[in-house]
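Enquirer: based on what follows, work out the 3D shape:
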Amino acid sequence: MLRSLGFRTSEERATEQARAAALGREHERQRALEVDRRAATMPRMRERGSRVCRVEGVTTMVGFVEDSTETKLQIRMVNAYRTGFPNLQLGGFQPHITWDVPARWELCD
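Expert: Next comes the predicted model:
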């Protein structure tokens, strides 16, 4: 009857805590892998002519690296489309050049 009211045994609580700890370790491992992957792609991202993409909500922006400094990339924005639908381009988009931090961009596949 107590279980129907939400009470748990000490074994159930211990199992839940162990599961939460394992999940936390897995998230930390995934985060470390992502940091390593981004560090490995950074030299290629800084190369002139590299195609880079940025996803913001339902919009994907595509550009090419023209120049870089220690902290920023100069990107020529050439396209913006609805994420998942490359043929559905944003109305009113005009190609332009922007300076932005590399952390907001990924190499396009």
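Enquirer: list the contacts of the helix or strand of the chain with the lowest mean pLDDT.
Expert: Scoring the helices and strands of the chain by mean pLDDT, DSSP states H and E places strand 85-89 at the bottom, with a mean of 87. Residues outside strand 85-89 that contact it (C-beta atoms under 8 Å, 6 or more residues apart in numbering) are Thr60, Asn79, Ala80, Tyr81, Arg82. (C-beta placed from N, C-alpha, C; glycine too.)
Enquirer: going by neighbour count, which of those residues are buried?
Expert: Using 16 or more other C-beta atoms under 10 Å as the burial test, the contacts of strand 85-89 include Thr60, Ala80, Tyr81 as buried.
Enquirer: tell me, domain by domain, which residues of the protein belong where.
Expert: Here the domain parsing of the chain from automatic domain parsing is 3-43, 46-107.
Enquirer: single out the most deeply packed of those.
Expert: Neighbour counts (mean count of other C-beta atoms under 10 Å) averaged over each of those peak at domain 46-107, with a mean of 14.
Enquirer: quote the end-to-end distance of that one.
Expert: Start-to-end span of domain 46-107 (C-alpha to C-alpha, to the nearest Å) is 10 Å.
Enquirer: quick revisit: ok, the buried ones among the contacts of strand 85-89 vs Glu66, which is closest?
Expert: Ala80 (17.4 Å; C-beta to C-beta).
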